[in-house]
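Undergrad: Fold the following and give me the result.
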Amino acid sequence: MQATEIHTHQDKAELAGDGPVPVAFTPNDPENPIAWSEAKRWRVLFVALTVSYTSAFNAAANGAVSSGFRKEHPDVSATVFQCSSLVYLAMLGIGPLILAPVSETFGRRPMLASLTLLITLLFLPQALAPNVISIIISRLVQGTFACIEGPIAAGVVADLTTKSNRGIMMSTFVLAIFTANSTGPLCANWVAQEIGWRWVYWIQMMSNGVCWLLCLFFFPETRGEVILGKRAKALEASTGRSHYVNGLDVHESWATAFRISCTRPLNFLFCESIVTALSLWVGFAWGVVFLFTSTTSHIFQKQYGFTQGQGGTVLISSFIGAFISWCLNATVQERLYQRALVQGAGKAQPEVRLYSSAVGGIVFAVGLFCFGWTARPWIHWIVPSIFIVVVNVGLFSVYLATYSYLGDTYESFSSSAQAAQSLLRNILGGCFPLFSTVMYDKLTFPIASTVLGGIASFFAIIPWIIIFYGPALRARSSVAKAMELAEGTTLRDEPEPEMVHVV
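TA: Residues are numbered from 1 along each chain as shown. Okay, here's the model as predicted:
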């Protein structure tokens, strides 16, 4: 649509005046991502899911390098090498506080096209690394660039779907991450065992190069505000009138944008009780994900005499559990949510998003207990593998429910709420592997898993509390209350209400 054609869709009274003119998508606007053809939307979603997969693969595969690298460098301990994973995951959480203003201003396409290239190139110093410091520094910088990949991919899902049908696609986005968390260590352990640890990085460099080409040639801009912002500039140039995009977060300066980007998620994390509770819950769960990633191969090597590659293959159980949970979400949780929409005349309470996780949290805890007490030489290895499946059935529901609930509760400010939980989640995900192997060896496998199961049992009460008391907690939240009042009695997909200023 040409910029000069936009005027035919603007309110005539506004155009006749002297004030700024709002720019918005018209019904069935071909430039509106929601109105794109089914084929185009699925193509873009495929690229976004590929980005999510490769990003999670990069985070999960690094642990497989440790054994081979330490054989060449016997002075490097497992804990020191694990710092290369810690800094990567920590920057996945910290990085969005720094890069968020850039991504919001310039859009999703330029960020993905540039950052995926830089991420690809940074595998070169890792593959050629002469010492552990080289790997740690390279992964720290790489994690800084990679921190935007997951949030942007999740944003693309939101761009191309409406609230009423977003559940399935968001669960598919989460499934891509869990698939990478299982196949990453699986593939990397075999590669490290058969052809050497350096090839773990070479292969990732090649796969990320493919991802960069997909972003470069098959990924258009999907952020509606950025598309409208270009329209507004074109209209200002052609008419001399000031135009603006309703709902676009505009700041006085980069310093203001940076300050808000850094402080708002921290305010959510420490001042919003709902965000604090869910962040601790999903942070612990994510720590267990990476604990399993780093210790499963070790446990099965020690208890059953598996090779490194065979031990890594057991992690396919994680994918099976996540896929089962994805199916349950599609057949049970989504039906409950759609029923709530009908009963609420198009508006569902956010707490409906937590129904599956209320059960999943319990399943998660039970799976941890059973895994620890069945991973014994006289019990067939398939039994603890089955309980890894059970653990991940619960884990998937916890992760998905956190994303969905925060998105529904905080609406326009959901990115800040998600950044808050991502910060804590990725830091804990990086810290857990630092002590996981030592913990399992010192406490023994049953006791170590019992400790984790006890913590998981404690956190399992969180969704039940929010389900019963969520409306009261949201009523005490100035942000959530403002979003609920602005939303009105129907579940809106466009346009979004003007945002209140929250810092």
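Undergrad: Tell me where the stretch 51-200 of the chain is predicted with low confidence.
TA: 100-105, 163 (pLDDT under 70).
Undergrad: For L214, which non-adjacent residue is closest in space?
TA: Using C-beta to C-beta, 6 or more residues apart in numbering and skipping the chain neighbours, the partner closest in space to L214 is V47 (4.9 Å). Where you see a C-beta, it was placed from the backbone N, CA and C, and this is true even at glycine.
Undergrad: ok, then the element right after the helix or strand harbouring Y88?
TA: Y88 is part of helix 78-106, with elements assigned from DSSP states H and E. Next along the chain after helix 78-106, taking DSSP H and E as the criterion, comes helix 108-121.
Undergrad: List the buried residues for that next one?
TA: Across helix 108-121, burial judged by 16 or more other C-beta atoms under 10 Å covers 108-109, 111-113, 115-117, 119-120.
Undergrad: Please name every helix or strand in contact with that helix.
TA: helix 38-61, helix 78-106, helix 132-146, helix 149-160, helix 198-218 (3 or more C-beta pairs under 8 Å, 6 or more residues apart in numbering; DSSP states H and E).
Undergrad: per-residue pLDDT, S253?
TA: S253 is assigned a predicted lDDT (pLDDT) of 57.
Undergrad: coming back round to it: which among the buried residues of helix 108-121 gets closest to R166?
TA: R108 (16.8 Å; C-beta to C-beta).
Undergrad: my read: the closest one touches A154, true?
TA: No. Counting by C-beta atoms under 8 Å, R108 does not reach A154; the two are 10.7 Å apart.
Undergrad: wait, what's in contact with W199?
TA: 127, 191-192 (C-beta atoms under 8 Å, 6 or more residues apart in numbering).
Undergrad: Against M206, how distant is it?
TA: 10 Å (C-beta to C-beta, to the nearest Å).
Undergrad: Could I get the pLDDT score of the residue nearest to L266 when sequence neighbours are not counted?
TA: Nearest residue to L266, sequence neighbours excluded (C-beta to C-beta, 6+ apart): A420, at 7.1 Å. Per-residue pLDDT puts A420 at 83.
Undergrad: how close does A420 sit to I94?
TA: 12 Å.
Undergrad: Looking at those two, which has the bigger crowd around it?
TA: For A420 versus I94, the count of surrounding residues by other C-beta atoms under 10 Å is larger for A420: 27 against 20.
Undergrad: Quick check: that one touching V275?
TA: Yes. At 5.3 Å, A420 counts as touching V275 under the criterion of C-beta under 8 Å.
Undergrad: Can you pull the residues that touch both of the two?
TA: 268-269.
Undergrad: that older thread, enumerate every residue touching the residue nearest to L214.
TA: With contacts defined as C-beta under 8 Å, 6+ apart, V47 is in contact with 214-215, 218-219.
Undergrad: how about those in TSV, adding distance to D159?
TA: As requested, the contacts of V47 are arranged in TSV below (distance: C-beta to C-beta, whole Å):
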residue	distance to D159
L214	17
C215	15
F218	15
F219	12
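Undergrad: shaky segments in the stretch 401-503 of the chain?
TA: 411-413, 479-503.
Undergrad: Let me see the contact set for the nearest residue to L140 once chain neighbours are set aside.
TA: Nearest-residue entry for L140: V87, 4.1 Å, with adjacent residues in sequence omitted and distances by C-beta to C-beta, 6+ apart. Listed by C-beta under 8 Å, 6+ apart, the contact set of V87 reads 136, 139-140, 143, 430.
Undergrad: ChimeraX command for the buried members of those residues?
TA: For the buried members of these, the matching ChimeraX selection, counting by 16+ other C-beta under 10 Å, is:
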select :136,139,140,143,430
